[in-house]
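> Here's a sequence, model it:
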Amino acid sequence: QNFLPDLRTAPPPGVRLSEIALPERFTFLGLMMAKALAVTAIIIITFVTYLLYRRARATGTILWGQIDPLSQYVLIFLPAVAVYTMGIMGAIRELARQDYHIYRLVKDVTPYWYTSPLRHASVMVGISTLVFFGLMAFIFWVGFRLGRVDAE
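As a prediction, the model looks like this:
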């Protein structure tokens, strides 16, 4: 099997088959069963969502500017979790390379290379997330305070 889109096409002129062939341990990638299942799941979920939307009942009119307080908390919680997750995944990626610049290819030979443990990285990412959202809350607070019209 090769890296060409249909996995069966002959390589273009000037390209050896060995340059585009998958190693034996990666032959499962050529089958792409996971990709086919993901596309099938997307199609099925889209269809089910469409059916649920068509059968939904309207329960009243939308009142603009009014939102449930729990919804507001969720709208703040979701980006906080996204920021925290991205930070943790960056730390995990850094830990995975160990003491290499390019894993198993270019070793970091400087005497001061160091990758912090995941516990320390997660605490730092958590603090960074809290500081970021604290600054955002402060900016909104100042904006609301300055935007208020005095009723004198």
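> Just the mean pLDDT for stretch 99-112, thanks.
The average pLDDT for stretch 99-112 rounds to 75.
> May I have the distance across that stretch, first residue to last?
Start-to-end span of stretch 99-112 (CA to CA, to the nearest Å) is 11 Å.
> which residues touch that stretch?
Contacts with stretch 99-112, where a contact means CB atoms under 8 Å, 6 or more residues apart in numbering, come from 96-97, 113, 115. For glycine as for every other residue, the C-beta is placed from the backbone atoms N, C-alpha and C.
> try 6 Å
With CB atoms under 6 Å, 6 or more residues apart in numbering as the test, stretch 99-112 has contacts from 97, 113.
> what does stretch 121-130 give?
80, 83-84, 87-88, 91.
> list the buried ones in that stretch?
121-122, 125, 129 (16 or more other CB atoms under 10 Å).
> and if you look at stretch 57-67?
Of the residues in stretch 57-67, none count as buried by neighbour count, 16+ other CB under 10 Å.
> end to end, how far does it reach?
Using CA to CA, the two ends of stretch 57-67 sit 19 Å apart.
> ok, longest helix in the chain?
The residue-count maximum for a helix in the chain (DSSP state H) belongs to helix 118-147.
> Where do the domain boundaries of the chain fall?
Under automatic domain parsing, the residue ranges defining each domain of the chain are 1-56, 65-152.
> ok, of these, where does mean pLDDT dip lowest?
Looking at the domains of the chain, the lowest mean pLDDT belongs to domain 1-56 (a mean of 78).
> Go ahead and list the helix or strand containing the residue positioned nearest the centre of the chain.
Nearest residue to the geometric centre of the chain (CA atoms, centre = their mean): residue 86, 6.4 Å. Using DSSP states H and E, residue 86 maps to helix 69-96.
> Can you tell me the strand partners of whatever helix or strand comes next after that helix and which way each runs?
Downstream of helix 69-96, the next assigned helix or strand under DSSP H and E is strand 100-102. Sheet pairing for strand 100-102, assigned by DSSP bridges, gives strand 106-107 (antiparallel).
> and the helix holding residue 86, which residues are buried?
For helix 69-96, by 16+ other CB under 10 Å, it's 83-84, 87-88, 91.
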